[in-house]
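**Student:** just a sequence and a predicted model for now, questions to come.
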Amino acid sequence: MADDLRRQLREVEQALMALDGVIAVRREYVALRERVGWCERDLAGLEALVDAAEKLRSQRDGLETRIACRGV
């Protein structure tokens with residue numbers, strides 16, 4: 001069980017790191033689009049990515065708490 005939780009935590013952390021990279025690139029893209037002509041769809045896409053990252057952070061925090069509570 002403990003190994004499974006640690007594996008899940010590693011997977012969530014890897015996904016979060018990748019998503020944070022995508023968000024950084026998307027922020028740059030949105031900033032560029034804002035300078036040359038704004039598009040609401042671009043902002044909506046960025047917000048969806050940020051929401052997904054928040055969900056992953058919450059999942060990561062929950063896994064860390066479960067691991068800590070079990071003293072694993």
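**Tutor:** Received the coordinates, thanks. Since the model is a prediction, treat every value here as computed from it, not as a measurement. Numbers count the residues shown, from 1 in each chain.

**Student:** find the centremost residue of this structure, please.
**Tutor:** Among the residues of the chain, residue 53 comes closest to the average C-alpha position under C-alpha atoms, centre = their mean, at 2.3 Å.

**Student:** so which strand or helix has it?
**Tutor:** Assessed by DSSP states H and E, residue 53 sits inside helix 40-69.

**Student:** per-residue confidence averaged over that helix?
**Tutor:** Computed over helix 40-69, the mean pLDDT rounds to 92.

**Student:** surely the residue nearest to the centre of the chain is in contact with residue 15?
**Tutor:** No. Counting by C-beta atoms under 8 Å, residue 53 does not reach residue 15; the two are 9.3 Å apart. (Each C-beta comes from the backbone N, C-alpha and C, glycine too.)

**Student:** quick one on the thing from earlier: which residue packs closest to the residue nearest to the centre of the chain, ignoring adjacent ones?
**Tutor:** Across the structure, with C-beta to C-beta, 6 or more residues apart in numbering as the measure, the residue nearest residue 53 apart from its sequence neighbours is residue 19 (5.0 Å).
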